[in-house]
Structures are given as structure tokens and as C-alpha cells.
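Trainee: next one to model:
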Amino acid sequence: MGFFSDVVNVASLGFIGDGPASDIIGGVTGSTAAKAAKEGAATAAAAQMEELNYYKEINKLPQEYREQALTQLMERTQPGGTPSQAERIGLAKESPIYAAIMGGKQVGEEGILRSAAATGGLRSGNVQENLYDYNVGLENTALIQAYGQQQAEEQAKLREIQGLAGLDTGATQIGQTMSGIGATKAAGITGAAQAQQQGISNMMNLGLGIGGLLI
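Mentor: Predicted coordinates:
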């Protein structure tokens with residue numbers, strides 16, 4: 001094969017050993033550059049992996065809240081997911097505000113009776129009519145206020161769920177970091193291959209140069 005093939009074999013198989021000569025041959029063949037490219041890529045990828053783990057850790061809780069909120073929103077769209085009007089009225093009558101307003105019923109009725117007694121109309125039909133109107137108006141007022149309060153609380157709860165469903169869970173950063181890790185590893189492989197290819201080219205040039213000196 002000749003002197004050129006001997007140089008290639010010695011350099012590629014590492015027969016030179018350690019020391020300045022092997023460093024020179026390693027540099028010429030591209031093995032040193034290829035190794036550096038791989039090690040550099042591995043170091044960068046490790047740093048990016050730490051960054052990825054950090055993003056995942058700090059977004060773990062927001063992600064759990066977001067998933068729970070999305071589940072609740074989905075349940076609200078299903079049949080029976082929200083109370084019917086009849087159910088809302090029943091819930092309104094069970095509310096504290098309804099009980100508080102209706103708790104004044106007796107006091108109001110006594111006031112009407114005292115007023116009628118004072119004017120001498122206690123036995124008139126107007127008293128019964130006034131009591132009826134009073135009770136109907138009181139119950140309507142209690143129901144309207146309790147119903148409205150229930151609606152306000154439900155809307156506030158819905159806004160809270162929607163807010164949790166829209167939490168930023170770092171998906172963009174996580175995705176970009178994962179993509180960056182892949183790109184870094186790919187760059188290391190590409191860089192090593194390019195260094196090896198350049199090394200082969202250098203060896204060929206070196207062999208041709210040495211061969212020219214021997215002619």
C-alpha cells in the first residue's frame with residue numbers, strides 16, 4: 001500500500017501512543033475535535049436537562065390545578081352538571097340569606113296587627129289582605145335576594161375554575177427545552193462527524209504532501 005497507507009493505519013489505530021506525536025496525529029485525523037464536539041454537546045445537553053427538570057418541578061402543582069379545573073368544566077357541560085331552575089330555587093330557600101329575611105316575618109305581621117288595632121280595623125278584611133300581601137312580598141324578596149346571591153357565588157366559582165384552567169403550566173418552556181436538548185445532541189453528532197470527515201481530508205492531504213516530498 002505504501003507509506004501513505006502506513007501513516008493512516010498508524011494514526012487511526014493509535015500505535016503512536018500518548019504524547020506530542022499522538023496529539024498531532026489526533027488533531028490531523030479529527031479524533032480530538034470529534035471527541036470535543038461530543039463532550040461539549042453532552043455538557044450542554046446535561047445543563048438543558050437540569051433546566052427541563054426545573055421547569056417540570058415548578059409547574060407540577062399548576063398542572064394539577066389546571067387538570068382538575070378542566071375536569072370540572074367538562075363535568076358542567078354534561079347533563080345534570082349544573083342545577084336546574086327548580087333546584088336553584090330549592091337551594092335558595094335553604095340559604096342563610098333567605099332564612100335571615102324570613103326570620104323577620106313574625107315581627108312584620110305583629111306590626112301590621114298593631115297598626116290595625118290602633119286604627120280600629122283589626123277585624124276588617126283589610127288586615128288579612130295586608131298580611132297576605134306582606135307575606136308574599138317578604139317571601140319574594142327573600143327568594144330573589146337568595147337566588148341572586150346564589151347566582152353571584154356560582155359565577156364567582158366559575159370564574160375561579162376558568163382561571164385555574166387557564167394557568168400557565170410552562171408547556172412552552174418545557175417543549176422548547178426538550179427540543180433544545182434534541183438539537184444539542186444532534187449538533188454534537190453532526191460536529192463529530194464533520195470533524196472526522198475533516199480529519200480524513202487532512203490525512204489525505206498530509207499523505208499527499210509527504211508522498212510528494214519522497215518523489
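
Trainee: and the gap between the most centrally placed residue in the chain and residue 59?
Mentor: For the chain, the residue nearest the mean C-alpha position is residue 169 (1.8 Å; CA atoms, centre = their mean). Per CB to CB, to the nearest Å, residue 169 is found 5 Å from residue 59. Every C-beta, even on glycine, is put in place using the N, C-alpha and C of the backbone.

Trainee: same question, residue 134
Mentor: Distance from residue 134 to residue 59, by CB to CB: 58 Å.

Trainee: which one's more surrounded, those two?
Mentor: residue 59 (18 against 15; other CB atoms under 10 Å).

Trainee: who's in contact with the closest residue to the more buried one other than its chain neighbours?
Mentor: Nearest non-adjacent residue to residue 59, counting by CB to CB, 6 or more residues apart in numbering: residue 170, 3.8 Å away. Residue 170 sits next to 55, 56, 58, 59, 62 when contact means CB atoms under 8 Å, 6 or more residues apart in numbering.

Trainee: equivalent analysis for residue 51, please.
Mentor: residue 177.

Trainee: just for this structure, where's the confidence low?
Mentor: For the chain, applying pLDDT under 70 flags the ranges 1-30, 119-125, 199, 202-215.

Trainee: quick one, helices of it?
Mentor: 3-13, 20-29, 31-58, 60-77, 85-93, 96-102, 105-118, 125-165, 171-214 (DSSP state H).

Trainee: how about the contacts made by the residue nearest to the centre of the chain?
Mentor: Residue 169 neighbours (CB under 8 Å, 6+ apart): 59, 62, 63, 66.

Trainee: hmm, try it at 10 Å
Mentor: 55, 56, 58, 59, 60, 61, 62, 63, 64, 65, 66, 67 (CB atoms under 10 Å, 6 or more residues apart in numbering).

Trainee: out of those, who's nearest residue 144?
Mentor: Using CB to CB, residue 65 is the member of those that lies nearest residue 144, at 34.7 Å.

Trainee: isn't the closest one right next to residue 164, touching?
Mentor: Yes. Counting by CB atoms under 10 Å, residue 164 is a contact partner of residue 65 at 4.8 Å.

Trainee: list residues touching both of these two?
Mentor: With CB under 10 Å, 6+ apart, residue 65 and residue 164 have no common neighbours.

Trainee: higher neighbour count, the two?
Mentor: It is residue 164, of residue 65 and residue 164, that has more neighbours when counted by other CB under 10 Å, with 18 against 15.

Trainee: how far away is the more buried one from residue 72?
Mentor: Counting by CB to CB, the gap from residue 164 to residue 72 is 9 Å.

Trainee: residue 93 now?
Mentor: From residue 93 to residue 72 the distance is 26 Å (CB to CB).
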